[in-house]
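[1] My questions are about this predicted structure, shown below with the sequence.
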Amino acid sequence: MKLKKFTAPTTREALQKLRAELGEDAIILSTKQTAAGTEVLAASSQDLDTVTEKPAAQSAPLSWTKAERTQLAAQEATRQPTPAEKIAQQVAAQRDVLINRAPAVHQIPQTLPEHDMISDVAKRRSQAASDAMANEQTAVLEEIKQMRQLLKDQMAMITWRDALEKNPQRGELWNQLTQSGFSPLFARTVVEKLPAELSDSQVQDWVMNVIKKNLNVVPADKDIVETGGTFALVGPTGVGKTTTTAKLAARCVVKYGADSLGLITTDSYRIGAQDQLRIYGKILGVQVYTAQTHADLAQLRNTMQRKRLILIDTVGMGQRDSRVAEQTKILTDSHVKRVLLLNATSQPETLDDVVRHYKSTGLSGAILSKLDEAIKIGGVLDVVMRHKLALHYIATGQRVPEDLFPADPRVLVHRAMRARSSQAFQASSEELKWKMAQVSATGI
């Protein structure tokens, strides 16, 4: 008898090899997992029949006596099996063990009818074909979608370019706004609403009025010092929170006296931060207190409840710092109004990200800092208008309290529209046409 091993990555593939070579009636002797996959030991049923076939016993003559038949049976019982018979017995015993072993029923589907296997294969092939067709249809639809968007963008670019050629003032105004730092989206929105038949000077007056009307500036008689309350200055590191706190404190002391003001700092991380505010407080005659926990802040607020104005200098945190949410919750739960400081020298994209992360539960407004260092302020004004922030003050230097002014929309707009990029950052006329058309098509 020939025993053969069949090895394949999976049991199903090994069985397919076995049946292809030995037939459907092959006898499976054992299976095991190897590094190469599944190994199946099997033999042909024909080989087993050959091995187990015994020579026909000679028929006892009818004339044999009872004693002779008894002696023949005893010899047959005591006769040792031949090597072939031993192998046949082992094969039969191993087969019984494999059939009766429960796990093997799931691993080796010996009793699976042939028509069921064919049906299963057909189903899998049909499913694979359906999946392939679905994937192909999805790819075609996606390609059509991209082609439609490309065609739409190209048509928008052509339409926008034609409109600019018919009305050059629009192109010039768009260029002026973007060169001043305003976003292309804001510039496009303004340009599309530009009235026809205006002189160049009228265009300038019109656009400046549009920007002024969209700036939400807090009137001087309703600013932080005048209205009073509890305010926390928040924002990223280095935007000037401590210096601005000192400027506001000085304005309050000058107008209402030292007893009207309470100063609190929560900045226990930065070296010298508390000392800086304490120096200002000593000059103003106001004691500075430190609050490191929610309980500390609540206790200090209760102690200062008779103060006209309480200013809180907070620790600087990047807008994506996980502690921003914790700080916001503490201040909100303590009924503290938050005022966000925006660095006018920062990129508009960064400022937009700062506002989105800090305004989660609402802001009481904003203060623009470092305007003396900014080349263009169109970007920061764009962010203020987009997020509808109330603008309290602008800070233009380090001097306390001189370099802090109530926000004036006329001054801000005039300063914004006067700015221009240096030669290295200016685009040519052809580049501007392409950029304007691209903005019109994509809406960026």
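    Yep, it's here.

[2] Between the two ends of stretch 210-229, what distance do you get?
    Its first and final residues considered, stretch 210-229 spans 33 Å by CA to CA, to the nearest Å.

[3] got a list of contacts for it?
    Residues from elsewhere that reach stretch 210-229 (CB atoms under 8 Å, 6 or more residues apart in numbering): 190, 193, 231, 248, 251-252, 255-256, 308-310, 337, 339, 365, 381, 384-385, 388-393, 406-410, 412-413, 416-417. In short, each C-beta sits where N, CA and C put it, glycine included.

[4] buried sites along that stretch?
    For stretch 210-229, the neighbour count (16 or more other CB atoms under 10 Å) marks 211, 214, 215, 216, 217, 218, 223, 224, 225, 226 as buried.

[5] Next up, phi/psi of residue 238, please.
    Main-chain torsions, residue 238, degrees, to the nearest 10: phi 80, psi 10.

[6] Return the regular element (helix or strand) spanning residue 29 as CSV; C-alpha atoms alone will do.
    Element membership for residue 29 (DSSP states H and E) is strand 27-34. Extracted C-alpha coordinates of strand 27-34, given in CSV (Å, rounded to 0.1, in the frame of the first residue of the first chain):
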residue,chain,number,x,y,z
ILE,A,27,-8.7,7.2,2.9
ILE,A,28,-7.5,10.1,5.1
LEU,A,29,-5.1,8.8,7.8
SER,A,30,-4.0,12.0,9.6
THR,A,31,-3.8,15.7,9.5
LYS,A,32,-1.4,18.1,11.2
GLN,A,33,-0.3,21.8,11.0
THR,A,34,3.2,22.5,9.8
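
[7] ok, then the element right after it?
    Tracing the chain past strand 27-34, the next element assigned as helix or strand by DSSP H and E is strand 37-43.

[8] angle of that following strand against strand 27-34?
    Relative orientation of strand 37-43 versus strand 27-34 (axes from the mean of the first three to the mean of the last three CA atoms, to 10 degrees): 160 degrees.

[9] Strand 37-43: partners in the sheet, and parallel or antiparallel?
    strand 3-8 (antiparallel), strand 27-34 (antiparallel) (DSSP bridges).

[10] looking at the ones you listed, which one has the lowest mean pLDDT?
    For the strands paired with strand 37-43, mean pLDDT drops lowest on strand 27-34, to a mean of 79.

[11] Okay, buried residues for that one please.
    Those buried within strand 27-34 under the rule 16+ other CB under 10 Å are 27, 28, 29, 30, 31.

[12] likewise stretch 324-337?
    By neighbour count on 16+ other CB under 10 Å, the buried set for stretch 324-337 is 324, 327, 328, 330, 331, 334, 336, 337.

[13] Next up, the contacts around residue 207.
    Going by CB under 8 Å, 6+ apart, the list of residues near residue 207 reads 173, 177, 190, 194, 417.

[14] now, among these, which is nearest to residue 39?
    Nearest to residue 39 out of the contacts of residue 207 is residue 177 (CB to CB; 75.7 Å).

[15] Give me the spatial nearest neighbour of that closest one, chain neighbours excluded.
    Counting by CB to CB, 6 or more residues apart in numbering, residue 187 is the residue found nearest to residue 177 once chain neighbours are left out, at 3.8 Å.

[16] burial measure for that neighbour, as a count.
    Applying other CB atoms under 10 Å, we find 24 other residues in the vicinity of residue 187.

[17] Next up, identify which helix or strand it is on.
    Element membership for residue 187 (DSSP H and E) is helix 184-192.

[18] for that helix, packing partners?
    helix 168-179, helix 378-386, helix 429-442 (3 or more CB pairs under 8 Å, 6 or more residues apart in numbering; DSSP states H and E).

[19] where in the protein is pLDDT low?
    In the prediction, the chain carries residues with pLDDT under 70 at positions 1-2, 45-123, 125, 152-166, 268-274, 319, 321-322, 420-444.

[20] Quickly note the distance from the residue nearest to residue 177 to residue 174.
    5 Å (CB to CB, to the nearest Å).

[21] Out of the strands paired with strand 37-43, the one nearest residue 168 is which?
    Distance to residue 168, taken as CB to CB, is lowest for strand 3-8 among the strands paired with strand 37-43, at 75.6 Å.

[22] Could you give me the buried positions within the very next helix or strand once past that closest one?
    Scanning forward in sequence from strand 3-8 by DSSP H and E, the next helix or strand is helix 11-22. Within helix 11-22, the residues that qualify as buried by neighbour count (16+ other CB under 10 Å) are 11, 14, 15, 18, 19, 22.

[23] Stretch 353-372 too?
    353-355, 357-359, 363-371.

[24] ok, those residues vs residue 168, which is closest?
    Using CB to CB, the buried residues of stretch 353-372 come closest to residue 168 at residue 371, 32.5 Å.

[25] Skipping its backbone neighbours, what lies nearest the residue nearest the centre of the chain in space?
    The chain has residue 320 as the residue nearest its centroid, 13.0 Å off, counting by CA atoms, centre = their mean. Distances taken as CB to CB, 6+ apart put residue 357 closest to residue 320, at 6.5 Å, once the chain neighbours are dropped.

[26] Against residue 387, how distant is the one you found?
    Note on residue 357: its distance to residue 387, by CB to CB, is 12 Å.

[27] Could you do residue 279 as well?
    As judged by CB to CB, residue 279 and residue 387 stand 34 Å apart.

[28] Same list, the strands paired with strand 37-43, but as CSV with distance to residue 286 please.
    Putting the strands paired with strand 37-43 into CSV (distance: least, CB to CB, whole Å) gives the following:
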stretch, distance to residue 286
strand 3-8, 85
strand 27-34, 80
